[in-house]
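Colleague: sequence and predicted structure are below.
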Amino acid sequence: MIDEIRSYHYAPELFNEYKAWAVNHAVPYLKQHLNLVGFWLDAGTAPELAGEQPSEMPLGVANVTWIIRWDSMESRAELLASVFGADEFQEIFKRIPDPKGYLQMESRFATPV
């Protein structure tokens, strides 16, 4: 089993529209088709940076984070292709405020303990 932590930096000027799209369209579909552990949208509270070398990144912190649980990396490849390639998701994605609004996307992989 492996968890994928997806972090997105979506265009701040379109973020309220993105939130509405995510809540009303994307997340319900994703919950039906993926083992979605959680989906979080920035609450507008400034991040707390700590540690020995805290530094702000050029885009700031991600404003969208979600976690998907997979049986394996192989099953991830197969399921992602079918879920995101489905006609239903393509229709949902047409409603996104701006497909180029994803300024940066990052996926990390971790094993649950």
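Modeller: Happy to help now that I have it.

Colleague: show me where the protein has its helices.
Modeller: In the chain, the segments counted as helices under DSSP state H are 15-21, 27-33, 73-85, 87-93.

Colleague: output those as a markdown table; include the columns distance to residue 44.
Modeller: In this view, the C-beta of every residue, glycine as well, is placed from N, C-alpha and C. What follows is the helices of the chain, written out as a markdown table (distance: least, Cβ to Cβ, whole Å):
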| stretch | distance to residue 44 |
| --- | --- |
| helix 15-21 | 9 |
| helix 27-33 | 19 |
| helix 73-85 | 28 |
| helix 87-93 | 25 |
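
Colleague: in stretch 94-110, what's buried?
Modeller: Buried residues in stretch 94-110, counting neighbours by 16 or more other Cβ atoms under 10 Å, are found at 96, 97, 101.

Colleague: export it as CSV, just CAs?
Modeller: The C-alpha trace of stretch 94-110 is given here as CSV (Å, rounded to 0.1, in the frame of the first residue of the first chain):
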residue,chain,number,x,y,z
LYS,A,94,-14.1,21.6,-18.9
ARG,A,95,-15.7,23.5,-16.0
ILE,A,96,-12.4,24.3,-14.2
PRO,A,97,-11.8,28.1,-14.0
ASP,A,98,-8.5,27.9,-16.0
PRO,A,99,-6.7,24.6,-16.8
LYS,A,100,-3.4,26.7,-16.9
GLY,A,101,-4.2,27.9,-13.3
TYR,A,102,-2.1,25.0,-12.0
LEU,A,103,1.1,26.9,-11.4
GLN,A,104,2.9,23.9,-9.9
MET,A,105,1.9,20.4,-9.1
GLU,A,106,3.8,17.9,-6.9
SER,A,107,3.2,14.3,-6.0
ARG,A,108,5.0,12.6,-3.2
PHE,A,109,4.7,9.0,-2.2
ALA,A,110,4.7,7.6,1.3
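
Colleague: give me the contact list for that stretch.
Modeller: Residues outside stretch 94-110 that contact it (Cβ atoms under 8 Å, 6 or more residues apart in numbering) are 2-11, 14, 17-18, 21, 25-26, 59, 62, 73, 93.

Colleague: okay then, goodbye and thanks.
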